[in-house]
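Trainee: next comes the sequence, and after it the predicted model I'd like to discuss.
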Amino acid sequence: MIKKPYLFILLMGMLYSCQQNSDSYSTIFEEIQDMQGLIGKETYLSSPFVAAGDRLYLVGHQDGSFPDLGWHVEGEMGGIWLHPIKLMDGFSAELSFDGQAQCLENAQTFTNYPISNVINYEEIAKGLNVERLHFVPDGREGMVVLYRFENNGAFESNFDFAWNAQVDLRPVWLGEENGMNDEEDQISFNELTGTFTAKDEGNDWYTTWGTEAGIPISPRESVCAFESKGKGASATFAVNIAIPANSELVVPIFIAGSTESELKAMETIADLRENFVSDWYEKKSRYRDIFEKSQIDIPDKQLQKAYEWTKYNTDWLVREVPGMGRGFGAGLPDYPWFFGVDSEYTIQGLIATGRKDLVYSTMELIHNLSEKTNGNGRIIHEASTNGVVFNPGNINETPQWVSTIWEVYRWTGDREFLEKYFPAVEKGLKWLLEENDEDGNLLADGYGMMEIHGLESEMIDVAAYSYKAFADAAKMAEILGKTDLSESYQQTAEALADKINSEFWVEEFGSYADFIGTTEEALHLIDGAIIRADTLDKPWAVAELKATKEKLSTLPKDQKQGFVLYHNWVVNTPMEVGISDVDKAKIALMTARKYTNPFGTFVTGIDRDESAESEEGSFSGSKVFSYTGAVMTLPTGVSAIGENNYGNPDAALDYLQRMTRSFGFALPGSIYEVSPDYGMFTQAWNLYSYAVPIVTQFFGIQPDAGNKVIHIRPQMPSNWENASIQNVQIGENEISLNYQKSGNQLILEVEQSQKKWGLSIEIPESYSQVKILGKEVSSDTQNGYRRILMTGAKVRVEGKQ
């Protein structure tokens, strides 16, 4: 690997003094102290963080370094990315005192904020403290790095500060499939603008950087540059700094990029310099809106904080990609691009937390990619930010997309949205059963959520999500006047419900089957499962699997039935979608609780052992990235939702509390994909696992925006006596709910911005003495609940037992 010569820039005849430094930079450091910041653990300083905008993001380590990291493009998933290209592997800095260079490395603390993060090197020299702040504005193809130098000594501090850019202009994953081929990078310096520009020799890919405008600089060598993978180059600039006693100075670094031209990158640099402060306050204001939408106040403050920050985490994943659109990636650092199934889960959390804008743009992006790739209603699984689709779609993604459309309609009441996507619903359901159900039994064959080799027959999650898709499509068809189609869809849903509760149920294990297949298929899979369990030293699983194998060996090889082999988390999807018979659900939920550890639900149940309940340390993954042995946030959220669906909010809360043990475990303010500290360090579908059980189940908010009615049936954990949620956006309406329970009394107060909308408040029938404040339209009793339909800007229901 050949590297270009290092460059060093020195101020010629100019001293960078406090007087020349803009007060606005220092103000930002003061301002951020008033924001909610979370300090990381010393033991995780050598793990990743992100500073993100919707166009550009930076991934490095909390200690300030930029090691090669990631496996999807090996060693290249960190650094600065402007999708579909990378700009830099990172940067380094050094201070020189009397000609002796000292590298800025091994930071002492890392503090994460919703819109920024700060690395503190603490005292670098006597009386001199150094901090580094990262900020990526919305809507700009660039970012700002601020270095604050505090001289707490009694004398002036004089030193050279040098900054090295480690450029690596390269394409994103699968770039070679659409002609994005990486070439060597060349760096040039523009004396007039005081900026450097790097260009990929074979492409119009550019990155530009510099400090404040108007400073004359010239090249020299660096001391603290670092080596990295790729065909990049590096360059360094420096300033001589003098800071009087008890004073501070902030040095800004502006970084921009473009996939079009050097001029566009230079325009971004100019925008960053001119608009830094306004960009800061605009982003701060936008995050305040994120905080206030569906804002909760609950007794469990750690759960409340995790819920709040998960909303921020999802925003860190937003990608605006020219030529593709705006959506959110699945996770960082290795899944920054677009997924069908990740979007389908996450959108349910997004719409419940007021992010209609992001929901609509993401659905447009996934829809367009799917139509271009498949054209038959099949929803893609994964697409890089260069537009190349890696997987045209697993079987579960198409039915889940149908239900996602229905869920968004419930919250928005947007008939045009329904009309726009319903043709794809019809095509998708037709594709599902006409092309993937060879034996015509309504159970589509193929990979679902569990991508275990060979596990691709009739999967339980595909069946459960197919049931829900047909049931939801029936409602959509009825709204759109397609009565015959609605009846047909509903008949299919009912037939699937019956099959799930009969053919998939395995009484011996108290669980739904992982899959339905032939004995021969099951025996083949058992052999693989035994090897897995034995390798992981799970003797109970080996014994269970061998016993199952012995029993199956007596059956005809072509006999078809449901099999429980892996205890995969997807066996809980019938409870997640609410189709399980009550008696079966009670048994299955109890069974599911066995396959947990203190952080949540195992992806594959046979990976659990007897020590799982006491294991609270770091996750030990394999040398090659895999989910073997993993406990993940999505299965844990599905477990919580299933418990709530069958009236077990305390059990649901237990799952959420387990999941929340991962909150800030490695990256302050974030939750890893694999609990507590493995895989993606921030993950989109975590929002599903928090927002759905909290907003729609604990607070019981079930919208029917199309009919301008909101159903509210709180189902709180038994020890929650006071809870509230504010500013829940439903259509053009916005509601807030206050819940109070004390002894034998229950009080619900609801406010809404559209006073003519109907509010259907439900409380248990056991509260026989009811007092109503508001305009009552009707009242009835159903399934053990008294239901009161009211209108008005503010209503109140008081119940006593």
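Mentor: Yes, it's here.

Trainee: and the spatially most central residue of the chain, how far from residue 294?
Mentor: Residue closest to the mean C-alpha point of the chain, counted by CA atoms, centre = their mean, is residue 684 at 1.4 Å. Between residue 684 and residue 294 the distance is 17 Å, computed by CB to CB, to the nearest Å. (Each C-beta comes from the backbone N, C-alpha and C, glycine too.)

Trainee: one more: residue 412?
Mentor: Look at residue 412 and residue 294: by CB to CB, they are 15 Å apart.

Trainee: neighbour count winner among the two?
Mentor: residue 294 (26 against 22; other CB atoms under 10 Å).

Trainee: correct me, but the more buried one touches residue 696?
Mentor: No - assessed by CB atoms under 8 Å, residue 294 is found out of contact with residue 696, at 10.3 Å.

Trainee: overlap in contacts, those two.
Mentor: Counting by CB atoms under 8 Å, 6 or more residues apart in numbering, the common neighbours of residue 294 and residue 696 are residue 352.

Trainee: which residues does residue 26 contact?
Mentor: Residue 26 is in contact with 148, 248, 250, counting by CB under 8 Å, 6+ apart.

Trainee: for residue 763, same thing?
Mentor: 713, 746, 748, 770, 785-786, 797, 799.

Trainee: what's the straight distance from one end of stretch 728-737 to the other?
Mentor: Using CA to CA, to the nearest Å, the end-to-end distance of stretch 728-737 comes to 9 Å.

Trainee: and the contacts of residue 763, which are buried?
Mentor: 713, 746, 748, 785-786, 797, 799 (16 or more other CB atoms under 10 Å).

Trainee: among those, which ones are in strands?
Mentor: 746, 748, 785-786, 797, 799 (DSSP state E).

Trainee: remind me which helix or strand residue 118 belongs to.
Mentor: Residue 118 belongs to strand 117-125 when assigned by DSSP states H and E.

Trainee: helices or strands up against that strand?
Mentor: Contacts defined by 3 or more CB pairs under 8 Å, 6 or more residues apart in numbering; DSSP states H and E place strand 117-125 against strand 85-97, strand 109-112, strand 128-135.

Trainee: for residue 162, which of those strands is the nearest?
Mentor: strand 85-97 (4.8 Å; CB to CB).

Trainee: name the residues of whichever helix or strand comes after that closest one that are buried.
Mentor: Counting by DSSP H and E, the element after strand 85-97 in chain order, helix or strand, is strand 100-103. By neighbour count with 16+ other CB under 10 Å, strand 100-103 contains the buried residues residue 103.

Trainee: what pairs with strand 100-103, parallel or antiparallel?
Mentor: strand 85-97 (antiparallel) (DSSP bridges).

Trainee: using PDB, list the CA coordinates for the partner strand.
Mentor: Listed in PDB are the C-alpha atoms of strand 85-97, where the atom choice follows Å, rounded to 0.1, in the frame of the first residue of the first chain:
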ATOM      1  CA  ILE A  85     -18.700   7.600  -0.600                       C
ATOM      2  CA  LYS A  86     -16.300   7.800   2.200                       C
ATOM      3  CA  LEU A  87     -14.300  11.000   2.700                       C
ATOM      4  CA  MET A  88     -11.700  10.200   5.400                       C
ATOM      5  CA  ASP A  89     -10.500   7.400   7.600                       C
ATOM      6  CA  GLY A  90     -10.300  10.000  10.300                       C
ATOM      7  CA  PHE A  91      -7.900  12.600  11.600                       C
ATOM      8  CA  SER A  92      -5.200  13.200  14.300                       C
ATOM      9  CA  ALA A  93      -3.700  16.200  16.000                       C
ATOM     10  CA  GLU A  94      -0.500  17.200  17.800                       C
ATOM     11  CA  LEU A  95       0.800  20.000  20.000                       C
ATOM     12  CA  SER A  96       4.400  21.100  19.800                       C
ATOM     13  CA  PHE A  97       6.100  22.800  22.800                       C
END
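
Trainee: for the record, mean pLDDT for it?
Mentor: Here strand 85-97 scores 96 as its mean pLDDT.

Trainee: any weak-confidence spans in the stretch 151-300 of the chain?
Mentor: Within the stretch 151-300 of the chain, the stretches with pLDDT under 70 are 214-220.

Trainee: ok, now the chain?
Mentor: 1-22, 214-220, 453-454, 610-611, 622-623.

Trainee: what residues does stretch 618-636 touch?
Mentor: The contact list for stretch 618-636 (CB under 8 Å, 6+ apart) reads 71, 334, 345, 532, 536, 569, 572, 596-597, 599-604, 607, 655-656, 658-659, 662, 671-679, 683, 685-686, 688-689.

Trainee: can you map out the helices along the stretch 351-500 of the chain?
Mentor: For the stretch 351-500 of the chain, the helices defined by DSSP state H, counting those that start in this stretch occupy 356-373, 397-412, 415-434, 460-479, 483-502.

Trainee: could you dump these into JSON lines and include distance to residue 442?
Mentor: Supplementary listing: the helices of the stretch 351-500 of the chain in JSON lines, determined by distance: least, CB to CB, whole Å:
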{"stretch": "helix 356-373", "distance to residue 442": "23"}
{"stretch": "helix 397-412", "distance to residue 442": "12"}
{"stretch": "helix 415-434", "distance to residue 442": "7"}
{"stretch": "helix 460-479", "distance to residue 442": "8"}
{"stretch": "helix 483-502", "distance to residue 442": "6"}
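
Trainee: closest one to residue 777 among the ones you listed?
Mentor: Nearest of the helices of the stretch 351-500 of the chain to residue 777, taken as CB to CB: helix 397-412 at 20.7 Å.

Trainee: domain-wise, how is this structure divided?
Mentor: With domains defined by automatic domain parsing, the chain comprises 10-288, 699-800.

Trainee: for residue 519, find the nearest of those domains.
Mentor: The nearest among the domains of the chain, by CB to CB, is domain 10-288 at 37.2 Å.

Trainee: against residue 689, how distant is residue 600?
Mentor: Counting by CB to CB, the gap from residue 600 to residue 689 is 9 Å.

Trainee: overlap in contacts of these two?
Mentor: Common neighbours of residue 600 and residue 689 (criterion: CB under 8 Å, 6+ apart): 633, 636, 659.

Trainee: from those, which land in helices?
Mentor: 633, 636, 659 (DSSP state H).

Trainee: looking at those, spot the one nearest residue 191.
Mentor: residue 633 (51.3 Å).

Trainee: do you know how far that closest one is from residue 528?
Mentor: Distance from residue 633 to residue 528, by CB to CB: 26 Å.

Trainee: more neighbours: which of the two?
Mentor: Legend: neighbour count by other CB under 10 Å for residue 633 and residue 528, higher for residue 633 (28 against 16).

Trainee: go ahead and confirm residue 95 touches residue 104.
Mentor: Yes - counting by CB under 8 Å, residue 95 touches residue 104, with 6.7 Å between them.

Trainee: neighbour count for those two, which is higher?
Mentor: The neighbour count for residue 95 versus residue 104, taken as other CB under 10 Å, is higher for residue 95 (24 against 21).

Trainee: what is that one paired to in the beta sheet?
Mentor: According to DSSP bridges, the partner residues bridging residue 95 are residue 102, residue 161.

Trainee: OK, contacts around it?
Mentor: 101-102, 104, 124-125, 130, 159-162.

Trainee: how near is it to residue 73?
Mentor: Taking CB to CB, one finds residue 95 at 33 Å from residue 73.

Trainee: for residue 648, same thing?
Mentor: 43 Å.

Trainee: just residue 130 next, same as before
Mentor: Applying CB to CB to residue 130 and residue 73 gives a distance of 32 Å.
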